[in-house]
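Peer 1: build me a model:
(one chain, ligands or ions: 1)
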Amino acid sequence: MTDTTSGRTPIIAANWKMNHDHFVAIQFTQKLSYLLDKKDTDGVEVVLCPPFTDLRSVQTTIDSDRIPVSLGAQHCHFEEQGAFTGEISPAMLAKLTVKYVIVGHSERREIFGETNEMVNAKLKAIWKFNMTPILCVGETLEERESGETDAKVQAQIAAGFDGVAKEQIARTVVAYEPIWAIGTGRNATPEDAEATIGVVRDAIASVAGAEVSEQVRIQYGGSVKPGNIAALMERPGIDGALVGGASLDPDDFARIIRYRS
Ligand code: PGA
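Peer 2: Residues are numbered from 1 along each chain as shown. Predicted coordinates for the structure are as follows:
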């Protein structure tokens, strides 16, 4: 099942950030599986993005229990292999049957100096290994207050997708995450989030054409909780959510996945 108005399948992703060791990750995944019925995940794609050290454990739990969720990673390097101490390559993630990789999260951009050029190189590297990037874009509070939101997300989209094939752009997931809403308990109103997502969609159309841009699933991220997910998902322009804090608890995350009931 897909969204009847947009034709795009909703996608709800958990970004655990630097939380949950692999023991906790296994317990979480089993509990989530127990909490969800088939009808909850029918027509909604669910993705878990644990830290690197949990990937193998979560992958085997998903596989052995046939849990209808996909595996995602939070980051990778753009090179295939080599002298990059501490880094993980897209080839390694692909071997673990990772399906999604978050790219350009604001924490990576702001704390670890990830530039638009690096984001672009990662996008291409992730596609090279047939995984799907979740490209994050969004403005700071300062940028928002000085009216620079649209210009910021337009520039991030143009640079991120530069030289990426149209059929890959069409299948990339984009997460619009206003930085002032991440982990703060403040979230954009559904109307505001949808308006900026519209700007993001237009920016994708400028790079790849309207037909491609209509296929791209664009999530909202930033203090998504069980209490606000339904109102966000009611907006036809919002195709899902990238959830940080509220994805750490299996009960909360299951309630977010069940936003339709
Ligand atoms: P949050 O994080 O839900 O805790 O605001 C979202 C994110 O950073 O992806």
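Peer 1: would you mind confirming that residue 87 makes contact with residue 77?
Peer 2: Yes - assessed by C-beta atoms under 8 Å, residue 87 is found in contact with residue 77 at 3.9 Å. Where C-beta positions appear, they are placed from N, C-alpha and C, glycine not excepted.
Peer 1: so which of these two has more stuff around it?
Peer 2: Counted by other C-beta atoms under 10 Å, residue 87 and residue 77 do not tie: residue 77 has more neighbours, with 19 against 14.
Peer 1: ramachandran coordinates for the more buried one?
Peer 2: Backbone torsions for residue 77, taken as degrees, to the nearest 10, come to phi -90, psi 160.
Peer 1: residue 85 versus that one, what's the distance?
Peer 2: Computed with C-beta to C-beta, to the nearest Å, the distance linking residue 77 and residue 85 is 11 Å.
Peer 1: repeat for residue 16
Peer 2: Counting by C-beta to C-beta, the gap from residue 16 to residue 85 is 24 Å.
Peer 1: quick one: which of these two has more around it?
Peer 2: Using other C-beta under 10 Å, the more surrounded residue of residue 16 and residue 85 is residue 16, with 23 against 4.
Peer 1: so the more buried one touches residue 51, yeah?
Peer 2: Yes - counting by C-beta under 8 Å, residue 16 touches residue 51, with 6.5 Å between them.
Peer 1: near the ligand, which residues of the stretch 101-250 of the chain?
Peer 2: 177, 182, 183, 221, 222, 223, 224, 242, 243, 244, 245, 246 (C-beta under 6 Å from any ligand atom).
Peer 1: quick check: most distant residue from the centroid of the protein.
Peer 2: residue 83 (28.2 Å; C-alpha atoms, centre = their mean).
Peer 1: which residues touch residue 20?
Peer 2: Neighbouring residues of residue 20 by C-beta atoms under 8 Å, 6 or more residues apart in numbering: 28, 50, 51, 54, 248.
Peer 1: okay, those residues in TSV with pLDDT and neighbour count next?
Peer 2: Output for the contacts of residue 20, formatted as TSV (pLDDT from 0 to 100; neighbours: other C-beta atoms under 10 Å):
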residue	pLDDT	neighbour count
28	98	23
50	98	27
51	98	18
54	98	25
248	98	17
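Peer 1: can you add secondary structure and give these back as JSON lines?
Peer 2: Below are those laid out as JSON lines (DSSP: H, G, I helix; E, B strand; the rest coil):
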{"residue": "28", "secondary structure": "helix"}
{"residue": "50", "secondary structure": "coil"}
{"residue": "51", "secondary structure": "coil"}
{"residue": "54", "secondary structure": "helix"}
{"residue": "248", "secondary structure": "coil"}
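Peer 1: helices or strands up against the longest helix belonging to the chain?
Peer 2: Of all segments of type helix in the chain, defined using DSSP state H, the longest is helix 190-208. In this structure, helix 190-208 packs against helix 149-160, helix 166-171, strand 173-176, helix 210-215, strand 217-221, helix 229-233, with contacts taken as 3 or more C-beta pairs under 8 Å, 6 or more residues apart in numbering; DSSP states H and E.
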